[in-house]
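*Asks:* Let's see this in three dimensions:
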Amino acid sequence: MKKSTKIFILPLVLALLVTLAGCAKKQKSSNVYDQVKESKTITWGVKADTRLFGLMSIKTGKIEGFEVDLAKALTKQMLGKDAKAEFVQTTPKTRIPLLKNGNIDAILATMTITPDRKKQVTFSEPYFTAGQSLLVKDDSSIKNVRDLNGKTALAVKGTTAVDNVKKFAPKAKVLEYDDYGQAFTALKAGQGQAMTTDNGLLAGIASENKGYKLVGGTYTTEPYGIAVEKGQTEFADHINKALNELKKNGTYHRLLVKWFDGIPGFNIKEVENS
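*Replies:* This next block holds a predicted model:
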């Protein structure tokens with residue numbers, strides 16, 4: 001009985017030693033750019049529920065969108081044509097913890113660059129000049145945010161949209177909903193004259209709902225950036241370099257056209273000025 005116990009314990013001890021050695025090796029290599037360069041793989045945290053940016057396809061079972069295509073292009077630009085981009089679904093709540101835990105190398109998920117977030121992560125240069133805009137019916141008389149004075153705007157609870165509307169149109173009434181689906185349903189039902197949030201998110205709604213358009217351009221500036229772990233400046237620098245190359249060679253523009261061209265009221269040139 002004692003002999004049998006020893007036989008089982010020895011492999012367990014060896015396995016534990018191998019695991020600890022592996023962990024120590026991972027901790028020792030603290031430069032993320034060196035890691036991705038060696039593996040020729042970048043694991044990106046992306047959205048899987050946001051039309052045009054990152055959405056799970058029922059047909060392919062894969063996440064598809066502008067940010068997914070941009071991540072693939074950045075990976076190959078940085079690491080070579082044989083490099084591989086891998087994807088992990090993230091949400092606003094999970095993306096930074098996943099980055100901190102090393103489950104992903106970078107976040108490319110409609111993440112607005114803010115002073116508070118800069119305390120937690122290192123951002124790339126902006127890759128999408130997002131800003132708050134308005135979605136209205138095609139026959140609406142509303143042309144810009146100031147036209148909302150005396151009218152009703154529809155927004156999502158907990159977002160900056162509510163305060164921004166009150167700032168630019170102090171006489172507007174704002175109704176708040178739990179999510180964008182509810183807010184758009186209210187717009188269709190005539191409970192308000194305009195829905196407001198980021199231009200990219202509104203473009204996603206307009207792309208699958210005929211009879212609606214974006215108006216007034218953007219009345220706030222809230223650019224999206226790629227986030228890497230705090231202090232990984234070399235990695236961020238290489239991302240910036242790759243992004244600028246994609247802009248110079250036309251790849252970036254082609255991806256914007258692929259996903260956003262033809263959406264009523266959406267201004268691709270405005271986005272490109274990031």
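*Asks:* May I have stretch 166-173 exported as PDB, CA atoms only?
*Replies:* Output of stretch 166-173 as PDB, limited to C-alpha atoms (Å, rounded to 0.1, in the frame of the first residue of the first chain):
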ATOM      1  CA  LYS A 166     -28.400  68.500 -21.700                       C
ATOM      2  CA  LYS A 167     -25.200  70.400 -22.300                       C
ATOM      3  CA  PHE A 168     -25.900  71.100 -26.000                       C
ATOM      4  CA  ALA A 169     -29.700  71.200 -25.900                       C
ATOM      5  CA  PRO A 170     -30.700  72.200 -22.300                       C
ATOM      6  CA  LYS A 171     -34.400  72.400 -23.200                       C
ATOM      7  CA  ALA A 172     -34.500  68.900 -24.500                       C
ATOM      8  CA  LYS A 173     -36.200  66.100 -22.600                       C
END
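*Asks:* Pull out the buried positions in it.
*Replies:* 168, 169, 172, 173 (16 or more other C-beta atoms under 10 Å). Quick note: C-beta positions are derived from backbone N, CA and C, even for glycine.
*Asks:* Check stretch 52-72 too.
*Replies:* Using 16+ other C-beta under 10 Å as the burial criterion, the residues of stretch 52-72 that qualify are 52-55, 63-72.
*Asks:* can you tell me the distance between the two ends of it?
*Replies:* With C-alpha to C-alpha, to the nearest Å as the measure, stretch 52-72 spans 15 Å from end to end.
*Asks:* What lies in contact with that stretch?
*Replies:* Stretch 52-72 has contacts (C-beta atoms under 8 Å, 6 or more residues apart in numbering) with 42, 44, 46-51, 85, 87, 89, 108-110, 127, 200, 203-204, 207, 246, 252, 255-256, 258-260.
*Asks:* Report the beta-bridge partners for the nearest residue to residue 46 once chain neighbours are set aside.
*Replies:* Leaving aside its sequence neighbours, residue 46 sits nearest to residue 54 (C-beta to C-beta, 6 or more residues apart in numbering; 4.4 Å). In this entry, residue 54 is beta-bridged to residue 50, by DSSP bridges.
*Asks:* try residue 87
*Replies:* In this entry, residue 87 is beta-bridged to residue 44, by DSSP bridges.
*Asks:* That one: neighbouring residues, count only.
*Replies:* By other C-beta atoms under 10 Å, the residues close to residue 87 number 20.
*Asks:* in this protein, which spans are helices?
*Replies:* With DSSP state H as the criterion, the chain has helices at 2-28, 32-39, 66-79, 95-100, 115-118, 161-168, 180-188, 199-207, 233-248, 251-260, 268-272.
*Asks:* who wins for proximity to residue 215 among these?
*Replies:* helix 199-207 (9.9 Å; C-beta to C-beta).
*Asks:* Now do the same contact list for the residue nearest the centre of the chain.
*Replies:* Nearest to the geometric centre of the chain sits residue 109, at 1.7 Å (C-alpha atoms, centre = their mean). For residue 109, the contacting residues are 45, 46, 47, 53, 54, 67, 90, 95, by C-beta under 8 Å, 6+ apart.
*Asks:* what about it, distance to residue 65?
*Replies:* Separation of residue 109 from residue 65 (C-beta to C-beta, to the nearest Å): 10 Å.
*Asks:* How about residue 59?
*Replies:* Counting by C-beta to C-beta - residue 59 and residue 65 are separated by 14 Å.
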